[in-house]
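**Q** Next come a sequence and a model predicted from it.
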Amino acid sequence: MDGQGQDHGGADAADALALRLAGARDAGMARAVLASVRHLHALVREVRPDPDDLRRALEFLTEVGQASDARRQEWVLLADVLGVSALVEDLAHPVPAGATPQTVAGPFYRADVPETAQGADLCLDGRGEPLVAVLHIRAPDGRAVPGAWVEVWQANGEGLYENQEPDRQPEFNLRGRIRADADGAVRFRSVRPKGYRLPDDGPVGQLFARLGLPIERPAHLHVRVTAPGFRPLVTHVFDRDDPAIGRDAIFGVKPGLLAEFRAVPGGVGPRWSVEVTLVLVPDCGTTDQPARGKARAEARQGGN
Ligand code: BEZ
Ligand code: FE
């Protein structure tokens, strides 16, 4: 670039762009765009794609867009399997030592689950191996958090969520919204969740198949906890004995989220129990409402 701010070829287009963006009205967006461009240019210098490679990459991104609609969000799936969603979560919500780690909510969350009684059976279709779950909600100093709202959702014994097969599972199957008791405890009955594979019929699944990468998620319960004076906690309770525990496709497994699903002796057929303590992070100004962004969550239902 010369003194008049004229470009001379693409030798350092990023620097030229920086000058053009200097007066941008949205300075935050300009910074993000410029950083993206600098990283993209560094990527091109490192990988040295030829024009055909670039065309194929653009075709892939086009397919990701075409596979996304109101019911399926292939872009979110891409962010999840590349570890971007988990990284954003970790950086946005750093968790102090001793508190329960945050994870993504995933596409199957519903904010509209009616209140569920303590001890209720969340399994509405009688299918699966019965599970009894106890969650203890605590502050970092070990005090119980009575009255916390605890939302839970999970896949069934076949690895499928209610909103993935609305014609087969009753509405709100394996979902609950339970208020913690005076001891900060929430008890419910359910079924042992099974791990599942992320959808592999779109461009992201095809990319992973080509690379031989795993698309499994080890078995888990999802939990969202809200209580006045604490940051909302969105997390998973993973079955530590699931064979896929070391290869979660979306990098959600953390040591503090592993739980033992214990066999309960006696009775007819297998029965299981799980008991975990979830430690919240104090905050100011939070409420006890279900998650905002319901429309966005619904847009992701059933799709990925
Ligand atoms: C889930 O656990 O429900 C999930 C999270 C991210 C991507 C796909 C599924
Ligand atoms: Fe899940």
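**A** Sure, I can see it. Ligands and ions are numbered 1, 2, ... in the order given.

**Q** Apart from its neighbours in sequence, what residue is nearest residue 53?
**A** residue 47 (8.0 Å; C-beta to C-beta, 6 or more residues apart in numbering). (Each C-beta comes from the backbone N, C-alpha and C, glycine too.)

**Q** Next: residue 277.
**A** Closest to residue 277 by C-beta to C-beta, 6+ apart is residue 136, at 4.4 Å.

**Q** which residues sit in contact with the one you found?
**A** 144, 183, 184, 185, 275, 276, 277, 278 (C-beta atoms under 8 Å, 6 or more residues apart in numbering).

**Q** filter these to the buried ones?
**A** Among those, those scoring as buried are 144, 184, 185, 276, 278 (criterion: 16 or more other C-beta atoms under 10 Å).

**Q** Mind checking which of those are in strands?
**A** Here DSSP state E is the test, and the buried ones among the contacts of residue 136 give 185, 276, 278 as lying in strands.

**Q** Next up, the contacts around residue 259.
**A** 237, 238, 239, 240, 274, 275, 276.

**Q** let's see it at 7 Å
**A** For residue 259, the contact set (C-beta atoms under 7 Å, 6 or more residues apart in numbering) comprises 237, 238, 239, 240, 274, 276.

**Q** The first one contacts residue 278, doesn't it?
**A** No: under the criterion of C-beta atoms under 7 Å, residue 237 makes no contact with residue 278, lying 8.4 Å away.

**Q** who touches both of these two?
**A** residue 223.

**Q** before we move on, back to that, buried ones only from the contacts of residue 259, please, as a PyMOL command.
**A** The following PyMOL line selects those of the contacts of residue 259 that are buried, judged by 16+ other C-beta under 10 Å:
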select buried, resi 237+238+239+274+276
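
**Q** Among the contacts of residue 259, name the ones in strands.
**A** Going by DSSP E, the strands hold 237, 238, 239, 274, 276 from the contacts of residue 259.

**Q** now those as TSV including pLDDT and distance to ligand 1?
**A** TSV is the format used below for these (pLDDT from 0 to 100; distance: C-beta to the nearest ligand atom, whole Å):
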residue	pLDDT	distance to ligand 1
237	98	12
238	98	10
239	98	13
274	97	17
276	98	17
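
**Q** which of the residues you listed sit farthest apart?
**A** Longest distance between any two of those is 11.4 Å, between 239 and 276; criterion C-beta to C-beta.

**Q** if we can go back for a sec, which one of the buried ones among the contacts of residue 136 is nearest residue 255?
**A** residue 276 (13.0 Å).

**Q** do you know how far the closest one is from residue 169?
**A** For residue 276, the distance to residue 169 equals 25 Å [C-beta to C-beta, to the nearest Å].
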